[in-house]
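K.L.:
what follows is a predicted structure for the sequence shown.
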Amino acid sequence: MVESINEPNLRVNDLVINNTWDVHKMNHLIGENLTREVVNSVGSLQQAQDTMIWLPDKNGLFSSKSAWDIIRMKFQKLDWSCWIWNKWIPKKVAICIWKATFNCLPVDVQIRKCGIPLVSCCNCCHGGHEEDLEHVINKGDFVMEVWKRVYAELGIHFIALQGWKERAQGLFNRASWHSQIGILYSMIPIVVIWQLWRRRYRARMEGTSESFSLVVGNIMYWLNHIASNVNKVKRLSCVDRALLSRFGVKIVELKKCSA
Ligand SMILES: [Zn+2]
């Protein structure tokens, strides 16, 4: 690094002779190593006109998208994002799950944290319970029964003492884009949480109380619907086949390789 040189009025142009760097003069001013670095990296001197290049984009062209990408605040990438933001999940559902992930769903405890005092009472237990997110989508009496039933229908071992994120992570760990059953696993936490939140919303805003069988039926319908819309798979085991059949999903066969 060069802190200063003895010629304060020197311009870059003074170091160019006949469109080439004046290497001798540069060596004298900044040393051989830096001269070599400047000559190799600052760009070759050419006859062509200068062109503006936007480095943040691979093609060198400026776009508002790339500019926004630079100035926006970025959080650490979430492993789940690909399971939430994809063609299978309607946007309103994805937004609901995204809000849950970042603790932004307006449950009573969250509203209190914003400085609004209220007496909290959930809509899912007979005795009433303080309403926080964990209760609404994982631990409430009604809610836990829903999870248990869905796990039972899909032949998954149910662990009661799990937080909702741990439960979702366990299912996302089984997920895969390569098989129908893998896609189905990825949809379970999303569809269940969406339906549970929807039930809570309707209870709170419309005074309706969806029954256990209706909520479970809706969940099974959506899981079946999404799995049935898969049209291409790379894996299909016997276990997958049995589970899909039991679940009533139309099985997508592996494409046979042509000889
Ligand atoms: Zn409750």
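P.N.:
Received, thanks. Being a predicted model, the structure only gives us computed values, none of them experimental.
K.L.:
correct me if wrong: residue 57 contacts residue 67.
P.N.:
No. Using CB atoms under 8 Å, residue 57 is not in contact with residue 67; the gap is 9.3 Å. C-beta here means a position set from N, CA and C on the backbone, and glycine is covered the same way.
K.L.:
where in the chain is pLDDT low?
P.N.:
Within the chain, the segments meeting pLDDT under 70 span 1-5, 43-48, 256-259.
K.L.:
and for the helix or strand harbouring residue 66, what's in contact with it?
P.N.:
Assigned by DSSP states H and E, residue 66 belongs to helix 64-71. With contact meaning CB atoms under 8 Å, 6 or more residues apart in numbering, helix 64-71 is reached by 54, 56-57.
K.L.:
please repeat the previous calculation with a cut-off of 6 Å.
P.N.:
Contact with helix 64-71 is made by 56-57, as judged by CB atoms under 6 Å, 6 or more residues apart in numbering.
K.L.:
and for stretch 171-190?
P.N.:
Contacting residues not belonging to stretch 171-190 are listed as 80, 83, 97, 168, 223, 226-227, 230, 233-235, 240, 243-244, 252 [CB under 6 Å, 6+ apart].
K.L.:
PyMOL command to pick out the buried ones of these?
P.N.:
To isolate the buried ones among the contacts of stretch 171-190 in PyMOL, judged by 16 or more other CB atoms under 10 Å, type:
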select buried, resi 80+83+97+168+223+226+227+230+233+240+243+244+252
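K.L.:
spell out which parts of this structure neighbour the ion.
P.N.:
By the rule CB under 5 Å from the ion, the part of the chain lying against the ion is 122, 124-125, 129, 140.
K.L.:
could you work out the most separated pair of the residues you listed?
P.N.:
Spanning the widest gap among these are 124 and 129, at 7.7 Å by CB to CB.
K.L.:
got the residue ranges for the helices in the stretch 51-200 of the chain?
P.N.:
In the stretch 51-200 of the chain, the segments counted as helices under DSSP state H, counting those that start in this stretch are 64-71, 81-84, 91-101, 108-113, 133-134, 141-153, 164-174, 180-206.
K.L.:
the last one vs helix 91-101, what angle?
P.N.:
Which is helix 180-206. Computed with axes from the mean of the first three to the mean of the last three CA atoms, to 10 degrees, the direction of helix 180-206 lies at 80 degrees from that of helix 91-101.
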